[in-house]
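Undergrad: coordinates for the following, if possible.
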Amino acid sequence: MRNALPGWFVVLFTLVATPALAGPREKAQVRTLVLSEHPDDAAHRIHVAGQIVTVLRFEQPCDPLKTKLLGWEGRFEPLVVEGKRVVVEPLRALAADESIPLLVTLADGTELSFLLRPPVEEWGRADQQVDVFKDRESYQALVSVLARTLKAKNALEEENARLREEETSADHALASLLVSGAEAQTPFRLIKSWEAVDADSELSMKLYSGKGKAAVTIAVRNQSEDRPWRTVRAKLSSLKSQDPRTVAVRSEHALLTAGQSGTFAFVVDRSAFLDAKGHLETLMLEIYRYDGLRHGYVVLDPRLVRE
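TA: Numbering: from 1, shown residues only. Predicted coordinates for the structure are as follows:
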């Protein structure tokens, strides 16, 4: 380790990927699958991730005796079939070339074939809940499709608003300078740097203090031979109350292919360290992977931003 920390400073980082703990602010990933929209598909794909539960919901009860996984031994928890729901849970992440057939038989004898696959990298998320409808003309299917369309519209509007705000954001400009390696052009002072290695990546992290701001950079080298490395999101919150806070994020690349390197930068303004009474408090910056697992976290002491 270099640049030893002052005795008062607390920083933690872990490379152990752990399941994200869903809180009241986090919404489940719900996907609508209308079978009549894909009549040529022999088996419909469901994206699953290791130690993440995926629930399939149908319009009528399922036959538990005729609903089964094929060749799942050692890779999945036993299948759970309860009423209109089928629950699957992989014991580990599936390899890119792995696929597990799932046969679901409805109460009226209809057989539906699915293929359980790892998440596609372009999307990056496992299915947490899939609402399955045979015909898009049914009332529930129409309601679900409408909700899906409105959700996509709202997400697009929020993304456009976010991009417009970032164009004039000083924190995002600072994060861009850090990503490009132009540290000398920022007001930040390097407090600590350290390195870590896990099975899929080699990381070099830096922690910065500035006048009224703090920053973290993570330089990543993807060591996986077949899986891109991508950070889906960063979550900043109060360590005490778990209240969400704002963090500016910039990345050199959207994802890192095998052997590729890139830098992610996170800038936190002093206002994010203030609680409702205006007192400075400790924050936690969490980094989540493409598959929804928490890749690591950094605890940020408020003394980083004292003027």
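Undergrad: so what does residue 175 look like in phi/psi?
TA: Here is the backbone geometry of residue 175 (degrees, to the nearest 10): phi -60, psi -40.
Undergrad: from what I can see it touches residue 268, true?
TA: No - the criterion here is C-beta atoms under 8 Å, and residue 175 misses it with residue 268 at 10.0 Å. In this view, the C-beta of every residue, glycine as well, is placed from N, C-alpha and C.
Undergrad: what do the two both touch?
TA: Counting by C-beta atoms under 8 Å, 6 or more residues apart in numbering, the shared contacts of residue 175 and residue 268 are 215, 248.
Undergrad: residue 304: how many residues sit nearby?
TA: 25 (other C-beta atoms under 10 Å).
Undergrad: could you shift the numbering so residue one becomes 29, and keep it that way?
TA: Right, with 29 as the first residue, what we last looked at is residue 332.
Undergrad: assign it to helix, strand or coil.
TA: helix (DSSP: H, G, I helix; E, B strand; the rest coil).
Undergrad: show me what contacts it?
TA: Residue 332 neighbours (C-beta under 8 Å, 6+ apart): 37, 219, 235-237, 242.
Undergrad: gap between residue 125 and residue 312?
TA: 36 Å (C-beta to C-beta, to the nearest Å).
Undergrad: over to residue 183?
TA: 26 Å.
Undergrad: looking at those two now, which is surrounded by more residues?
TA: Comparing residue 183 with residue 312 by other C-beta under 10 Å, the one with more neighbours is residue 312, at 17 against 10.
Undergrad: per-residue pLDDT of the more buried one, please?
TA: On pLDDT, residue 312 comes in at 92.
Undergrad: contacts only, for it.
TA: So residue 312 contacts 264-267, 325-328 (C-beta under 8 Å, 6+ apart).
Undergrad: rebuild these as JSON lines, extending it with pLDDT and distance to residue 107.
TA: Below are the contacts of residue 312 laid out as JSON lines (pLDDT from 0 to 100; distance: C-beta to C-beta, whole Å):
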{"residue": "264", "pLDDT": "93", "distance to residue 107": "38"}
{"residue": "265", "pLDDT": "93", "distance to residue 107": "35"}
{"residue": "266", "pLDDT": "93", "distance to residue 107": "40"}
{"residue": "267", "pLDDT": "90", "distance to residue 107": "39"}
{"residue": "325", "pLDDT": "84", "distance to residue 107": "33"}
{"residue": "326", "pLDDT": "88", "distance to residue 107": "39"}
{"residue": "327", "pLDDT": "90", "distance to residue 107": "40"}
{"residue": "328", "pLDDT": "93", "distance to residue 107": "43"}
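Undergrad: measure residue 228 to residue 323 for me?
TA: 9 Å.
Undergrad: higher neighbour count, these two?
TA: Taking neighbours as other C-beta under 10 Å, residue 228 and residue 323 compare with residue 323 leading, 25 against 16.
Undergrad: surely the more buried one and residue 315 touch.
TA: Yes - at 4.9 Å, residue 323 counts as touching residue 315 under the criterion of C-beta under 8 Å.
Undergrad: okay, and the common contacts of the two?
TA: Shared contacts of residue 323 and residue 315 (C-beta under 8 Å, 6+ apart): residue 259.
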